[in-house]
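Asks: Fold the following for me, if possible:
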Amino acid sequence: MRRLLALAGAALILAGPAYAQDYTFKFGHAASSKHLFHTGLEMFAEKVADKTDGKVKIEVYGDRQLGDDKQLLEGLQIGVIDGALVSAPVLPLVIGATSFDALQLPFVVSSYEDLAAVLDSPVGQELLDTLNAKQIKGLGYIEAGQRHFLAKDKQVGTLDDFAGLKTRIVPIPLHKATWEAVGVNPIGMAYGEVYSALETGTIDAVEINLSSIQSESLFEPAKHVTKTGHYFWPGVIMMSDMSWNKLPEDLQAALVEAGHETTREQYKIAAAQEADTIAFLKEQGVEIGELDDLSAMRAKTQPVVDEWVKKDPLIQKFYDQVQGN
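Replies: Numbers count the residues shown, from 1 in each chain. Coordinates of the predicted model:
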């Protein structure tokens, strides 16, 4: 009997660490491991580890190792993927989260600081909360960078220069309407196909952030950047409900806090890095110029903004906050 009791006691001691459970979650994203999305998600992982005293570990997988944005979202909804950082423009396309179109309204947000402020506000939280109905928990935002225009064969300097250029876009209605208004020939295409499409001439150009031109080596097939700053490119940090619900409330609260802190701090890093990225691209022989008539581009796309703010009350709410209304 004494031996049985001793064995039972030993079993309880050995079971102790299992009872005080730790959690490991795999988070994927579709960008390069050299990209701002990767370093931003690693920042989030570090904050989570710190705020949970190591009880929650986030493993970050870049380079589309867990899938592209569409595959990540579908995996989150059925619970086969724990977490992800997904480009906000993909959310309306793949899961019908239409309010995230607010983040892509052309020329509505002018600075990293302004966007970070609204994303860290109750409006930004309301956007994240709309994901609850999609079996996804939204936790925060990470910025890939303000979007500009990269062309293969010529420098775009005027609005007329856009005319007819076969330009890769994310195939969502808002982007299609925006770029048709500008005058290009918009072509929907997966992110991972952009390099080869530029190289072969399947497309003439792509609207993209400078950090992706660097991390995806797009400066090799295309050498002409026009700084238009038409909109930003937030990614949304998210978890599947199945993984989220494994956590007790105190650890859930720690992840929410980590998400908000990451949003505030990573936007400052993204803003500061843009000058370094420009310097790098110039070293690679990339011509970087301005659009002579940016105000005309804004005027061309304003009817798209006017149409889209009517599509969802939260889009209107986001727009009003950015505009100070």
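Asks: Pull the number of nearby residues for the residue nearest to Trp233 when sequence neighbours are not counted.
Replies: Computed as CB to CB, 6 or more residues apart in numbering, the closest residue to Trp233 that is not its neighbour in sequence is Ala144, at 4.1 Å. The way it works is simple: take the backbone N, C-alpha and C, and place the C-beta from them, glycine included. Per other CB atoms under 10 Å, the neighbour tally for Ala144 reads 25.
Asks: Over to Ala205?
Replies: Ala205, neighbours per other CB under 10 Å, totals 24.
Asks: Could I get the phi/psi values of it?
Replies: Backbone geometry at Ala205, expressed as degrees, to the nearest 10, gives phi -160, psi 170.
Asks: From Leu291, how far off is it?
Replies: 13 Å (CB to CB, to the nearest Å).
Asks: joint contacts of these two?
Replies: Val156 (CB atoms under 8 Å, 6 or more residues apart in numbering).
Asks: wouldn't Trp244 be in contact with Ala253 here?
Replies: No. When contacts are counted by CB atoms under 8 Å, Trp244 is not listed as touching Ala253 (11.9 Å).
Asks: of the two, who's got more company?
Replies: Trp244 (21 against 13).
Asks: Contacts only, for Gln302.
Replies: Phe107.
Asks: is it true that it lies in a helix?
Replies: Yes. Under DSSP: H, G, I helix; E, B strand; the rest coil, Gln302 falls within a helix.
Asks: Ala296 versus that one, what's the distance?
Replies: 11 Å.
Asks: any idea what the most centrally placed residue in the chain is structurally, helix, strand or coil?
Replies: The centre of the chain sits closest to Gly235, judged by CA atoms, centre = their mean, with a distance of 1.7 Å. At Gly235 the chain is in strand, as set by three-state DSSP.
Asks: which non-adjacent residue is nearest Ser99?
Replies: Leu314 is the one closest to Ser99 (CB to CB, 6+ apart), at 4.0 Å.
Asks: related to what we said a few turns ago, spit out the contact partners of the residue nearest to the centre of the chain.
Replies: His29, Phe37, Gly40, Leu85, Val86, Ser87, Ala88, Tyr141, Ile142, Glu143, Ala144.
Asks: let's go with 7 Å and repeat that
Replies: Applying CB atoms under 7 Å, 6 or more residues apart in numbering, one finds that Gly235 lies in contact with His29, Phe37, Leu85, Val86, Ser87, Ala88, Tyr141, Ile142, Ala144.
Asks: Does Asp293 touch Asp161 like I think?
Replies: No. Using CB atoms under 7 Å, Asp293 makes no contact with Asp161, being 10.1 Å away.
Asks: State the number of residues packed around the closest residue to Ile81 other than its chain neighbours.
Replies: Excluding the flanking residues, the one nearest Ile81 by CB to CB, 6+ apart is Gly75, at 3.3 Å. Neighbour count of Gly75, defined by other CB under 10 Å: 18.
Asks: and what of Gln71?
Replies: 17.
Asks: Where does the residue nearest to Leu131 when sequence neighbours are not counted sit, in terms of helix or strand?
Replies: The shortest distance from Leu131 to any non-neighbouring residue, by CB to CB, 6+ apart, is to Gly138 (4.3 Å). With secondary structure defined by DSSP states H and E, Gly138 is part of strand 136-143.
Asks: Pairing partners for the following helix or strand past that strand, with directions?
Replies: Using DSSP H and E, the next helix or strand after strand 136-143 towards the C-terminus is strand 147-151. Paired neighbours of strand 147-151 in the sheet (DSSP bridges): strand 205-209 (antiparallel), strand 224-227 (antiparallel).
Asks: which helix is the longest one in the chain?
Replies: Longest helix of the chain, by residue count under DSSP state H: helix 249-283.
Asks: tilt between that one and strand 205-209?
Replies: Orientation check (axes from the mean of the first three to the mean of the last three CA atoms, to 10 degrees): helix 249-283 against strand 205-209 gives 130 degrees.
Asks: Do you know the pLDDT at Asn325?
Replies: Asn325 carries a pLDDT value of 64.
Asks: cool, Pro171 as well?
Replies: 89.
Asks: begin at 25 from here
Replies: Okay, using 25 as the starting number, the last item reads as Pro195.
Asks: Please name the nearest non-neighbouring residue to it.
Replies: In space, Pro195 is closest to Gly212, 2.7 Å off (CB to CB, 6+ apart).
Asks: again, but for Gln340
Replies: Using CB to CB, 6+ apart, the closest residue to Gln340 is Val333 (4.8 Å).
Asks: Run through the residues that contact that neighbour.
Replies: Per CB under 7 Å, 6+ apart, neighbours of Val333: Ile339, Gln340, Tyr343.
Asks: Settle this for me: Ser264 is touching Glu98, isn't it.
Replies: No. With contact defined as CB under 7 Å, Ser264 and Glu98 do not form a contacting pair (10.6 Å).
Asks: okay, these two: which has more neighbours?
Replies: Neighbour count, other CB under 10 Å: between Ser264 and Glu98, Ser264 has more, with 23 against 14.
Asks: measure the residue lying closest to Lys158 once chain neighbours are set aside to Leu305 for me?
Replies: Excluding its sequence neighbours, the residue lying closest to Lys158 (CB to CB, 6+ apart) is Ile119, at 5.0 Å. To Leu305, Ile119 is 34 Å away according to CB to CB.
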